[in-house]
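Using only what follows, build the 3D model:
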Amino acid sequence: MHAKPSPDPMISMWTWLAHDVRFYRTRAKMSGTRLGELLGCDRSTISRIESATLKIDDKQAKILDRIFDTGGHFLRLLRYAELGHDPDWFKAFIGYERVASSIRIYEALTVTGLLQTERYARALLEASRIVDDVEQALDIRKARQTALLVDPPPNVWLLLNEPIIRQPVGGPEVMKEQLEHLLAVSRLPHISVRVIPTKVGAHCGLDGSFCTLESPTSRAAYSSAMPGGRLILAAAEIDWYKEKFEQLGADALSRSASREMIKQAMEEFK
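Here you go, the predicted structure:
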């Protein structure tokens, strides 16, 4: 059985830390079982640490620094990784998004950035008043959308609140174009678009948008907040968002019924 490749250390501080645990261990010609003994855990736990699905604690960081004589390298990495709101969190998010093979997105207020048309995105960015350079922000959004063009493409499950398809962002013409794009991508085999109808009433997604991103070597989640968001790497919290997504999906229309509702909304913008 082959070990999973190390996560990309350029994605985030946590993946850098995970990458370096494996790097220092293999450089020392130490087995995962032996490192587990030194850290007080089993081989499977070491595997999870080295794939960035489990975080080390202060005690383990200090042991790693002592074993590999790093001069405090792991403890410093851990301190920076634990910083609350990293101003570069969005770069890390894009990194996880770029390599994801499975993406689950719930949107409470707008069409997800991965599926926005240029004119819809521009209208949102101009109205947001939190973006200094709209053109640069548009370029970043377009670059993010290339994550859907890789071969094989990621599987994407999208849940949208019904008011999103009713609100004329950018005006009727822009909104109609956006809905046409949603319809087109919803017919692709790897993209599911489903609408949560307003008649459902209160549901567990009214407190904000979120998404989960998974690949063979990494997992992450994102929870929206103004003016920024929060990148989540704790396994238990990621699982909580996945469960929340399933709960919301139980209230959503089927794929075909959602397409019919989107078509009806398009009629309103003619």
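
quick one: the strands in the stretch 101-250 of the chain?
With DSSP state E, counting those that start in this stretch as the criterion, the stretch 101-250 of the chain has strands at 102-107, 155-161, 191-196, 210-215, 218-224, 229-232.

Kindly reformat the ones you listed as CSV containing mean neighbour count and distance to residue 26.
Heads up, the C-betas are built off the backbone N, CA and C, glycines and all. Shown next, in CSV, are the strands of the stretch 101-250 of the chain (neighbours: other C-beta atoms under 10 Å; distance: least, C-beta to C-beta, whole Å):
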stretch, mean neighbour count, distance to residue 26
strand 102-107, 22, 28
strand 155-161, 22, 32
strand 191-196, 23, 38
strand 210-215, 23, 21
strand 218-224, 22, 19
strand 229-232, 19, 28
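
In JSON lines, list those strands along with mean pLDDT.
Below are the strands of the stretch 101-250 of the chain laid out as JSON lines (pLDDT from 0 to 100):
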{"stretch": "strand 102-107", "mean pLDDT": "98"}
{"stretch": "strand 155-161", "mean pLDDT": "98"}
{"stretch": "strand 191-196", "mean pLDDT": "98"}
{"stretch": "strand 210-215", "mean pLDDT": "95"}
{"stretch": "strand 218-224", "mean pLDDT": "88"}
{"stretch": "strand 229-232", "mean pLDDT": "82"}
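
Out of the ones you listed, which is closest to residue 73?
strand 218-224 (21.4 Å; C-beta to C-beta).

which other residues reach the closest one?
The contact list for strand 218-224, computed with C-beta atoms under 8 Å, 6 or more residues apart in numbering, reads 7-8, 11, 15, 51-53, 92-93, 96, 99, 108, 208-214, 229-233, 235, 237-238, 241.

pretty sure residue 70 contacts residue 27?
No: assessed by C-beta atoms under 8 Å, residue 70 is found out of contact with residue 27, at 11.2 Å.

So the two - more neighbours on which side?
residue 70 (16 against 9; other C-beta atoms under 10 Å).

Now the helix or strand residue 59 falls within: buried residues?
With secondary structure defined by DSSP states H and E, residue 59 is part of helix 58-68. Applying a neighbour-count criterion of 16 or more other C-beta atoms under 10 Å, one finds 60, 61, 63, 64, 65, 67, 68 buried in helix 58-68.

all helices for this protein, in order.
Secondary structure of the chain (DSSP state H): helices at 13-27, 32-39, 43-50, 58-68, 73-81, 89-99, 118-128, 134-145, 162-166, 172-186, 235-251, 255-268.

would you list these in JSON lines and tack on distance to residue 222 and mean pLDDT?
Converted to JSON lines, these look like this (distance: least, C-beta to C-beta, whole Å; pLDDT from 0 to 100):
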{"stretch": "helix 13-27", "distance to residue 222": "14", "mean pLDDT": "93"}
{"stretch": "helix 32-39", "distance to residue 222": "30", "mean pLDDT": "95"}
{"stretch": "helix 43-50", "distance to residue 222": "21", "mean pLDDT": "90"}
{"stretch": "helix 58-68", "distance to residue 222": "26", "mean pLDDT": "94"}
{"stretch": "helix 73-81", "distance to residue 222": "17", "mean pLDDT": "90"}
{"stretch": "helix 89-99", "distance to residue 222": "6", "mean pLDDT": "83"}
{"stretch": "helix 118-128", "distance to residue 222": "17", "mean pLDDT": "95"}
{"stretch": "helix 134-145", "distance to residue 222": "12", "mean pLDDT": "93"}
{"stretch": "helix 162-166", "distance to residue 222": "18", "mean pLDDT": "98"}
{"stretch": "helix 172-186", "distance to residue 222": "20", "mean pLDDT": "97"}
{"stretch": "helix 235-251", "distance to residue 222": "9", "mean pLDDT": "94"}
{"stretch": "helix 255-268", "distance to residue 222": "23", "mean pLDDT": "97"}
